[in-house]
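> could you look at this predicted model? Sequence included:
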Amino acid sequence: MKSDTVEVVPIVSTTPAYVLYPHRFYVLFVFSFLAFNQCLIWLTFSPVARATKAYYQITESTVDFLLNWGPIIFIPCLPLTYILLNKHHGLRRCVIILALVDFLAALVRVIPSVITNPSSPHFSSIALPFLHIGQILNAACGPLVMAPVSQLSCLWFAPHERTRATTFAIVANNFGSTVGFVISPFIVSSPDRLPYLLYVHLALAFLACVLALLYFPPQPPSPPSAAAELLIRHPANEQTSNSWRTFMKEIWQCLTTPSFLLLSVAGGLSSGTFGAWTSLYDLILEPENYTELQAGWFGFASSIAGISGSLFLSHVADTRRFRYSLKMLIVVSFVACVIAIIWFELSVHTFFYNEPILPSTAITIGLSTALAGLFYGAASPLIYEALAEIMFPLPESLSASILVQWVNVAALIFLFIAPNRAKLMNLLVLISMIACIIMVVFTRFSYRRRDEDERKRLEKEQNQISDPDNSNSNVNSSINQAAYGTFA
């Protein structure tokens, strides 16, 4: 009897309150691969606009319209995504739809090259509807990529891993556009090679679709945290009849919470203006005698720096020392971003000065744009996590959905402002980033989700000690699984 007691006590004391499973990394990889493909396919034609115009015999405005389907379709599809995501096994449903629809989008676009010939006089009229359908289908996948990021990290990862998991899912989508700008021109060396780019996209979409269909579990066998437990046991919209009513009620609750409103608007405004500004590097730098190729490399460096900054600062935010310092990290990043933008703007023609105040070289321009991208990118994923913390116990997908809706609204507005107004955008990005800093400073951050996770974890550990028999019966199925691990 005594020996039996000795065997049980170590099990209770070493059994974690919550269990992590190794295949969470596979889940994150598959989702990130799908997110990468979605953005890569969305940006197919803009990096090779001249080849696209020649191959399909279309105008530049048509090429721009193919890109603009993204924010146009995103806005009405987002509410549907949120409702689906918060059904039973909603994350898996969203991922399967994402995989199938994006594969279908890539497939539709290659059909004209198969059924007809570019030399045909009717090739353009035949091909154009297929291109629009493909881009619309891909655009409808946008919410399926951006809305679930915080919810996926909460559902599968431990509290000290969530920021990095969210960041990885976000930057995977951004990396798609970065790769598209660099790789597409190399593949499409001449207009007749454009179909090869479409075939590459189709192959990537097919591979991601197969991975998602073969294995993508709806949820872990047991929740990794108290917040995940709430998501698994109490989906936000279990009853179809009141889904829309619940959705509108929760949106109203978010928009009437001052801290959420300030931070979400700051996140949307910063993303919309910064994205429009970086897309105008070629026009902004043209008076400084920089080539279009150089401007493209400046944009690439800024994007890579942003991804690096995101991954680094998310790691910092997950450490014990900075786990409750999201506000400080966001403000410092935004301030550093403004300083880099000011350095850039003093080196080029601006809205107020016809001559640059500071002398510039390719190195100084490259450094200023890279630093601006580094610090902007570093802050962006932290806003997703901070909003989820502020609005807990509402689902993470709700705060992420509202944030990305602000992003797309801002993007649409600046799509109309940006053309032929490079100097004005140069000024607006500076004003917008300063306004975002002010909004973040006045935001009252709270950490309800992390506090609840810690409280529940301690409560479970205490129960294991006080009632070992009951604890063992609850966790026996998990003892052979990976313990409460770390993000390797």
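Great, that's in hand.
> quick one: low-confidence residue ranges for the stretch 101-250 of the chain.
234-243 (pLDDT under 70).
> where do the helices of it begin and end?
Counting by DSSP state H, counting those that start in this stretch, one finds helices in the stretch 101-250 of the chain at the ranges 123-140, 142-146, 149-156, 162-187, 194-214, 226-233, 243-255.
> name the next helix or strand following the last one along the chain.
In other words, helix 243-255. Sequence order places helix 258-278 as the next helix or strand after helix 243-255, per DSSP states H and E.
> CA atoms of that next one as CSV?
Taking C-alpha atoms only, helix 258-278 is exported to CSV below (Å, rounded to 0.1, in the frame of the first residue of the first chain):
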residue,chain,number,x,y,z
PRO,A,258,-12.9,52.6,-25.7
SER,A,259,-9.6,50.7,-25.3
PHE,A,260,-10.6,48.2,-28.1
LEU,A,261,-11.8,51.0,-30.4
LEU,A,262,-8.6,53.1,-30.0
LEU,A,263,-6.2,50.2,-30.5
SER,A,264,-8.1,48.5,-33.4
VAL,A,265,-8.3,51.8,-35.3
ALA,A,266,-4.6,52.5,-34.6
GLY,A,267,-3.8,49.0,-36.0
GLY,A,268,-6.0,49.4,-39.1
LEU,A,269,-4.9,53.0,-39.9
SER,A,270,-1.2,52.2,-39.5
SER,A,271,-1.4,49.1,-41.7
GLY,A,272,-3.5,50.8,-44.4
THR,A,273,-1.3,53.9,-44.7
PHE,A,274,2.0,52.0,-44.4
GLY,A,275,1.0,49.5,-47.1
ALA,A,276,0.0,52.3,-49.5
TRP,A,277,3.1,54.3,-48.8
THR,A,278,5.5,51.4,-49.4
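> what distance separates it from the centre of its chain?
Per Cα atoms, centre = their mean, to the nearest Å, the displacement of helix 258-278 from the mean C-alpha position of its chain is 14 Å.
> ok, and what's touching the helix or strand following that helix?
Scanning forward in sequence from helix 258-278 by DSSP H and E, the next helix or strand is helix 281-285. Residues outside helix 281-285 that contact it (Cβ atoms under 8 Å, 6 or more residues apart in numbering): 292, 294-296, 298-299, 348, 365, 369, 422-423, 425-426. C-beta here means a position set from N, CA and C on the backbone, and glycine is covered the same way.
> put the alpha carbons of helix 281-285 into CSV.
C-alpha atoms of helix 281-285 as CSV (Å, rounded to 0.1, in the frame of the first residue of the first chain):
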residue,chain,number,x,y,z
TYR,A,281,8.4,54.0,-53.4
ASP,A,282,9.1,54.0,-57.2
LEU,A,283,7.1,57.3,-57.6
ILE,A,284,8.5,58.9,-54.4
LEU,A,285,12.1,58.1,-55.3
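> downstream neighbour of it in the secondary structure list?
Counting by DSSP H and E, what follows helix 281-285 is helix 292-318.
> ok, the spatially closest residue to Phe206 that is not a sequence neighbour - contacts?
Among residues not flanking Phe206 along the chain, Phe103 sits closest, at 5.9 Å (Cβ to Cβ, 6 or more residues apart in numbering). Taking Cβ under 8 Å, 6+ apart, we find Phe103 in contact with Leu202, Ala205, Phe206, Ala208, Cys209.
> look up how far Ala301 lies from the second one.
From Ala205 over to Ala301 the distance is 28 Å, taken as Cβ to Cβ, to the nearest Å.
> so which of these two has more stuff around it?
Ala205 (26 against 19; other Cβ atoms under 10 Å).
> residues contacting Cys254?
Phe260, Leu261, Ser264, Met391, Leu394, Leu398, Ser399, Ile402.
> for Tyr82, see how far away it is.
Distance of Cys254 to Tyr82, computed by Cβ to Cβ: 12 Å.
> equivalent analysis for Ser399, please.
10 Å.
> now, which of the contacts of Phe103 sits nearest Ala336?
Using Cβ to Cβ, Ala208 is the member of these that sits closest to Ala336, with 35.3 Å.
> what about that closest one, distance to Phe45?
For Ala208 relative to Phe45 (Cβ to Cβ), the value is 21 Å.
> repeat that for Gln38.
15 Å.
> quick revisit: and the contacts of Cys254, which of them are buried?
Neighbour counting with 16 or more other Cβ atoms under 10 Å marks Phe260, Leu261, Ser264, Met391, Leu394, Leu398, Ser399, Ile402 as buried within the contacts of Cys254.
> tabulate those in a markdown table, adding columns for distance to Leu91.
A markdown table is the format used below for these (distance: Cβ to Cβ, whole Å):
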| residue | distance to Leu91 |
| --- | --- |
| Phe260 | 23 |
| Leu261 | 27 |
| Ser264 | 22 |
| Met391 | 18 |
| Leu394 | 16 |
| Leu398 | 14 |
| Ser399 | 16 |
| Ile402 | 18 |
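> out of the residues you listed, flag the one nearest to Arg162.
Once Cβ to Cβ is applied, the member of these that ends up nearest Arg162 is Ser399, at 13.2 Å.
> element containing that closest one?
Per DSSP H and E, Ser399 falls inside helix 396-417.
> mind giving me the packing neighbours of that helix?
helix 60-85, helix 142-146, helix 149-156, helix 243-255, helix 258-278, helix 362-391, helix 422-441 (3 or more Cβ pairs under 8 Å, 6 or more residues apart in numbering; DSSP states H and E).
> lowest average pLDDT across the ones you listed?
When the helices and strands packed on helix 396-417 are compared by mean pLDDT, helix 243-255 comes last with a mean of 81.
> select only the buried ones of the contacts of helix 281-285 in ChimeraX?
Buried members of the contacts of helix 281-285, defined by 16+ other Cβ under 10 Å, are picked up in ChimeraX with:
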select :294,295,296,298,299,348,365,369,422,423,425,426
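> most widely separated two among the contacts of helix 281-285?
Most distant of the contacts of helix 281-285, by Cβ to Cβ, are Gly296 and Lys423, 20.2 Å apart.
> let's see the pLDDT reported for Ala482.
39.
> for Phe298, that is, sorry about that
84.
> what's the closest residue to it other than its chain neighbours in contact with, if anything?
In space, Phe298 comes closest to Thr369 once its chain neighbours are excluded; the distance is 4.8 Å by Cβ to Cβ, 6+ apart. By Cβ under 8 Å, 6+ apart, the contact list for Thr369 reads Thr278, Tyr281, Phe298, Gly299, Ala301, Ser302, Ala340, Phe344.
> relative to Leu280, how far out is Thr369?
For Thr369, the distance to Leu280 - Cβ to Cβ - is 12 Å.
> repeat for Val114
37 Å.
> of those two, which one has the most company?
Taking Val114 and Leu280 together and counting by other Cβ under 10 Å, Leu280 has the greater number of neighbours (23 against 7).
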